[in-house]
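Asker: Quick check, what structure comes out for this input:
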Amino acid sequence: MADSEFILLGDALWLDFINTIISQAGTDALPDPASYRRWCKAVRAAPPDEPEAYTEAVSLRNHLLGLARAIDQGRAAPASAIAAMNGLLQRVEGYQQLVRIGGAWQLRFAPGRPGLVLEAVARSVAETLADPRVQVRQCAGQNCRLFFSDDSPTQARRWCSGQRCGRTGLIERRRASRPAPLLSDS
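Answerer: Predicted structure coming up:
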């Protein structure tokens, strides 16, 4: 976690963004433009200067929350979320370039200017949805509702973090598997 004010465990920028809806205190971690600017800094993105940027961010975040829930439940992606993401991706200026990676040529997009934070969020969504090896899941922790991406070979990850929720789950499973103590009638 880069900043204790925000939970950054989603393994994808867009999941960290929607996880601000479900903060540690159970309230919205981005209740105002100042908190949105702090989140941008926490994820190392330039905070926007426009006053309407916060309203746009909250609207996009709500669309993406619906998208994450749909993916987690095996439903189709909501058209409104895809339209919002594609609208942001259309803003990105840049060009395709040929680069050599690991001895093989690949076509890569090179931005023509530094990306704005919501454009980076949209790119993160696109990369997640385009990668068939990545699953979006909601944490199975008893008191946790955070989303995370699972690209493990077995895709069996259940918790947002082994330290945060996985350890609690392990302890609970061990307690449940222990035999009940014998009570005597004495």
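
Asker: Break down this protein into its helices, ranges please.
Answerer: 13-18, 33-42, 53-72, 79-89, 117-130, 167-177 (DSSP state H).

Asker: Export these as TSV, with columns for mean pLDDT.
Answerer: As requested, the helices of the chain are arranged in TSV below (pLDDT from 0 to 100):
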stretch	mean pLDDT
helix 13-18	94
helix 33-42	93
helix 53-72	94
helix 79-89	92
helix 117-130	91
helix 167-177	49
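
Asker: could you measure residue 97 against residue 112, distance?
Answerer: Computed as Cβ to Cβ, to the nearest Å, the residue 97 to residue 112 distance reads 11 Å. No exception for glycine: its C-beta is placed from N, CA and C like everyone else's.

Asker: any shared contact partners between those two?
Answerer: Listed as contacting both residue 97 and residue 112 by Cβ atoms under 8 Å, 6 or more residues apart in numbering is no residue at all.

Asker: Just the buried positions in stretch 54-71, please.
Answerer: For stretch 54-71, the neighbour count (16 or more other Cβ atoms under 10 Å) marks 54, 57, 58, 60, 61, 63, 64, 65, 67, 68, 71 as buried.

Asker: ok so, going back, so for residue 156, which of the helices of the chain sits nearest?
Answerer: helix 167-177 (12.7 Å; Cβ to Cβ).
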